[in-house]
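>>> Provided below are the primary sequence and the corresponding predicted coordinates.
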Amino acid sequence: MAFVQVSSPFRILACAAPSLPTASQHVRTQSVPSLSLGTLQPPCIMPHVCPPASVENHVKEPKKLETPDVNEDLAVSGGVRDVFGEDAATEDQLITPWSRNVACGMELLRDPHYNKGLAFSEKEREYHYLTGLLPPTILTQQMQEKRILHNLRTYQDPLQKYVAMMDLQERNERLFYKVLIDNVEELLPIVYTPTVGEACQKYGSIFRRPRGLYISLKERGKILEVFKNWPEKLVQVIVVTDGERILGLGDLGCQGMGIPVGKLALYTALGGVRPSACLPITIDVGTNNETLLNDPFYIGLRRRRAIGEEYTSFIDEFMHAVKKSYGEKVLIQFEDFANHNAFELLEKYQKTHLVFNDDIQGTAVVVLGGLLASLKLTGGTLAEHTFLFLGAGEAGTGIAELIASEIALQGNVSLQEARKRIWMVDSKGLIVKSRLDSLQRHKKNFAHEHEECRDLISAVKALKPSVLIGCSGQRSTFTKEVLETLASFNMKPVVMALSNPTSHAECTAEEAYRWTQGRAIFGSGSPFDPVRLNEKVHVTGQANNAYIFPGTGLGIIMSGAIRVHEDMLLAAARVLADQVSKENMDNGLIYPPFQNIRKISANIAAGVAAKAYELGLATKLPQPSNLVACAESCMYSPQYRKYR
Ligand SMILES: O=C([O-])CC(=O)C(=O)O
Ligand SMILES: [Mg+2]
């Protein structure tokens with residue numbers, strides 16, 4: 001088992017030439033998984049044991065060396081090549097003298113990758129110069145976990161818990177993931193929605209240590225240089241936002257960073273992608289949020305948002321820099337971009353990059369998965385339902401298109417025909433043919449022949465939907481009248497209030513059950529506590545893309561997929577639906593409990609990878625015979641390692 005092996009808290013350090021302007025930032029920490037120190041006896045502190053190993057090129061000239069040459073296969077499986085271009089350097093090129101050493105003493109305690117706090121053993125304390133730096137007690141990781149949980153539970157305010165968890169992540173990474181993985185249902189609402197929304201709103205005030213990479217307009221023309229400041233070279237997943245539509249909270253500018261940070265914590269905790277392979281990024285192109293612009297603690301650029309050419313050329317530079325820095329097979333997850341950019345960016349870059357939009361595609365998969373599962377409760381096929389959406393943005397049209405694809409596939413009908421089962425209401429009322437000319441492109445496919453309906457309730461009365469899906473960002477829009485009407489013609493109406501965080505949900509779980517006499521099959525984007533109604537306890541399902549992106553990402557990485565194909569998304573939805581047990585169903589649940597999320601993610605990863613192989617999009621060959629076992633074996637485990 002991996003965690004009983006001993007390893008060294010190894011790092012690569014660079015001492016850059018004093019003449020280089022950013023020298024102090026260029027101390028790089030990188031684990032060296034393949035390095036063997038078998039012949040060394042402890043204490044094995046080896047400051048600068050190795051000859052200069054790599055070249056860092058932070059000088060302007062010559063240009064040839066600017067791009068770290070990351071071998072793509074190694075980027076997946078680990079290992080280091082001529083990453084910093086040393087081998088390619090000529091005699092008159094400036095290079096940085098790199099050396100490897102072992103983290104020890106106070107430096108080891110301050111390194112979140114290797115720090116174990118009171119869990120360092122006697123031997124480790126002796127060999128790694130920790131004696132006296134820690135109190136005498138030695139705790140197991142389990143005891144540390146208990147202590148963390150005990151402390152967390154004394155805080156009343158979820159934001160305090162969030163800050164405590166972020167501090168833990170900064171201090172002791174493995175303990176952070178151990179606590180999160182073991183207590184996922186309790187802590188997901190803290191590190192993720194809804195608390196992460198409040199954290200983003202107050203990011204400036206609670207800011208302690210930076211996390212992730214901030215790329216602002218000030219860096220135009222130099223984004224590649226910014227990537228060189230990131231200490232990890234083997235990046236496999238990037239989650240990037242420009243902060244314009246953070247959850248349902250709107251434009252939070254640079255403070256949207258909480259979202260990529262939170263999503264990537266879930267990539268590791270729920271999907272097992274190792275932390276060093278995850279890179280959170282915020283692109284700061286300004287904000288139109290006046291409150292933030294006037295907030296003395298705001299952390300971003302104080303200017304209004306760049307638009308048009310200024311915006312697109314900056315994103316373009318970013319996308320090119322990602323590929324140059326980390327190769328073709330780094331997965332770029334777009335997160336919480338505003339509608340007007342999200343669709344365009346996905347359409348443009350899916351042809352050239354490995355991209356995934358979580359709000360359009362991830363949300364679509366999780367909702368489709370829930371709907372497929374709900375068929376076991378409602379009966380019938382997907383095509384026999386009538387779907388009505390409130391909100392026709394990224395989530396709404398993303399979900400609608402994926403449902404249509406599944407209906408088309410199941411019923412062997414055209415996409416156009418399948419889309420006719422799906423209706424959408426936006427801020428101007430029902431989307432119908434007569435509005436076609438004034439509709440944004442992504443809505444046009446759902447403009448069907450019908451008379452105009454000015455609001456949701458008239459659309460519900462006119463269309464008699466069996467499934468009502470809210471992704472409007474508008475709270476309390478599923479009113480008593482809407483839900484009672486829906487329940488008047490459905491035995492088991494499906495209601496999904498997807499807007500995040502909880503404060504923006506279209507209705508609460510309690511309202512959904514009460515106004516449908518407990519008959520609703522309910523799912524929500526943010527979690528709700530179980531509801532007791534007429535002696536029956538209703539456990540709600542969380543229709544959140546957190547079920548999907550970690551497993552999908554893992555499947556993409558492990559198969560070396562070069563593009564995200566819609567069939568891979570459909571595969572993920574079917575796998576998710578298959579994980580809902582009979583017992584879950586009996587409780588009205590259309591999602592499996594989050595408690596089993598790592599198993600669920602492994603199954604999703606296997607389903608996605610199998611599809612990638614089938615489509616010829618996988619590059620990790622040969623295909624493993626057991627993809628579930630392969631996914632499980634790839635997953636990061638948070639247990640401490642023993643240090644030699
Ligand atoms: O972050 C979440 O909880 C789900 C999501 O992507 C969003 O609401 O934008
Ligand atoms: Mg999102």
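Yep, it's here. Ligands and ions are numbered 1, 2, ... in the order given.

>>> report the longest strand in this structure, please.
In the chain, taking DSSP state E as the definition, the longest strand is strand 278-284.

>>> buried stuff in the helix or strand following that strand?
In the C-terminal direction, the helix or strand that comes right after strand 278-284 (DSSP states H and E) is helix 290-293. Of the residues in helix 290-293, 292-293 count as buried by neighbour count, 16 or more other CB atoms under 10 Å. The way it works is simple: take the backbone N, C-alpha and C, and place the C-beta from them, glycine included.

>>> what does helix 290-293 contact?
Here helix 290-293 makes contact (CB atoms under 8 Å, 6 or more residues apart in numbering) with 204, 251-253, 255, 287, 298, 300, 302, 304.

>>> May I have it as CSV, with CA atoms only?
Taking C-alpha atoms only, helix 290-293 is exported to CSV below (Å, rounded to 0.1, in the frame of the first residue of the first chain):
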residue,chain,number,x,y,z
GLU,A,290,-19.7,49.4,-7.7
THR,A,291,-19.8,48.2,-4.1
LEU,A,292,-16.5,46.3,-4.7
LEU,A,293,-14.9,49.2,-6.6
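
>>> can you give me the angle whichever helix or strand comes after that helix makes with strand 278-284?
Using DSSP H and E, the next helix or strand after helix 290-293 towards the C-terminus is helix 308-326. Per axes from the mean of the first three to the mean of the last three CA atoms, to 10 degrees, the angle that helix 308-326 makes with strand 278-284 is 160 degrees.

>>> Output the contacting helices and strands for helix 308-326.
Where contact means 3 or more CB pairs under 8 Å, 6 or more residues apart in numbering; DSSP states H and E, helix 308-326 is packed against helix 223-228, strand 237-241, strand 278-284, helix 339-349.

>>> before we move on, back to that, quick check, nearest of the contacts of helix 290-293 to ligand 1?
Nearest to ligand 1, judged by CB to the nearest ligand atom, of the contacts of helix 290-293 is Leu252 at 11.8 Å.

>>> The closest one and Gln201 touch, don't they?
Yes: here Leu252 reaches Gln201: they are 6.5 Å apart, a contact under CB atoms under 8 Å.

>>> ok, the two, which is more surrounded?
Here Leu252 and Gln201 are compared on neighbour count by other CB atoms under 10 Å; more neighbours surround Leu252, at 28 against 22.

>>> and Gln579, how far is that from Thr477?
Gln579 sits 30 Å away from Thr477, taking CB to CB, to the nearest Å as the criterion.

>>> ok, how many other residues are close to Gln440?
Gln440 has 13 neighbouring residues, counting by other CB under 10 Å.

>>> do the one 3 residues further on as well
Lys443 is surrounded by 20 other residues when neighbours are defined as other CB under 10 Å.

>>> Wasn't it part of a helix?
Yes: per DSSP: H, G, I helix; E, B strand; the rest coil, Lys443 lies within a helix segment.

>>> helix, strand or coil for Pro231?
With three-state DSSP as the basis, Pro231 sits in coil.

>>> neighbours around it, how many?
Applying other CB under 10 Å, we find 15 residues neighbouring Pro231.

>>> same deal with Pro638?
21.

>>> Thought Ile181 was touching it, still the case?
Yes: with contact defined as CB under 8 Å, Pro638 counts as touching Ile181 (6.1 Å).

>>> gap between Val537 and ligand 1?
Here the distance between Val537 and ligand 1 works out to 25 Å (CB to the nearest ligand atom, to the nearest Å).

>>> For the residue positioned nearest the centre of the chain, which non-adjacent residue is spatially closest?
Central residue of the chain (CA atoms, centre = their mean): Lys263, 3.1 Å from the mean position. Of all residues not flanking Lys263 in the chain, Val239 sits nearest, at 4.5 Å (CB to CB, 6 or more residues apart in numbering).

>>> export stretch 600-607 as CSV, just CAs?
What follows is stretch 600-607, C-alpha atoms only, in CSV (Å, rounded to 0.1, in the frame of the first residue of the first chain):
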residue,chain,number,x,y,z
ILE,A,600,-19.3,7.4,-7.6
SER,A,601,-16.5,9.5,-9.1
ALA,A,602,-14.4,6.4,-9.9
ASN,A,603,-17.4,4.9,-11.7
ILE,A,604,-18.0,8.2,-13.6
ALA,A,605,-14.3,8.4,-14.5
ALA,A,606,-14.4,4.8,-15.8
GLY,A,607,-17.6,5.6,-17.9
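
>>> how about the residue in the stretch 101-250 of the chain positioned nearest to ligand 1, secondary structure?
Of all residues in the stretch 101-250 of the chain, Thr193 sits closest to ligand 1, at 3.5 Å by CB to the nearest ligand atom. Reduced to three states with three-state DSSP, the structure at Thr193 is coil.

>>> Next one, pLDDT for Leu94 please.
At Leu94, the model reports a pLDDT of 77.

>>> That one - how many residues pack around it?
By other CB under 10 Å, the residues close to Leu94 number 18.

>>> Kindly report the same for Phe318.
Phe318 has 22 neighbours, counted by other CB under 10 Å.

>>> One more: Thr287?
26.

>>> list the contacts for it?
Per CB under 8 Å, 6+ apart, neighbours of Thr287: 243, 251-254, 293, 300-301, 304-305.

>>> And it, how far from Pro280?
Counting by CB to CB, the separation of Thr287 from Pro280 is 18 Å.

>>> Please tell me how far the helix or strand where Ala373 lies is from the chain's geometric centre.
Applying DSSP H and E as the criterion places Ala373 in helix 363-378. From the chain centre to the centre of helix 363-378 is a distance of 21 Å (CA atoms, centre = their mean, to the nearest Å).

>>> And stretch 92-105, by the same measure?
In this view, stretch 92-105 has its centroid 33 Å away from the chain centroid, taken as CA atoms, centre = their mean.

>>> likewise stretch 536-550?
Relative to the centre of its chain, stretch 536-550 is centred 16 Å away, using CA atoms, centre = their mean.

>>> Tell me the buried residues in that stretch?
For stretch 536-550, using 16+ other CB under 10 Å, the buried residues are 538-550.

>>> Narrow those residues to those in helices?
Applying DSSP state H to the buried residues of stretch 536-550, the entries found in helices are 549-550.

>>> which one of the buried residues of stretch 536-550 sits closest to Ala373?
Gly541 (8.7 Å; CB to CB).

>>> near ligand 2, which residues of this structure?
Residues of the chain that fall close to ligand 2, judged by CB under 5 Å from the ion: 335-336, 359.

>>> Most neighbours among these, please name it.
Glu335 (30 neighbours).
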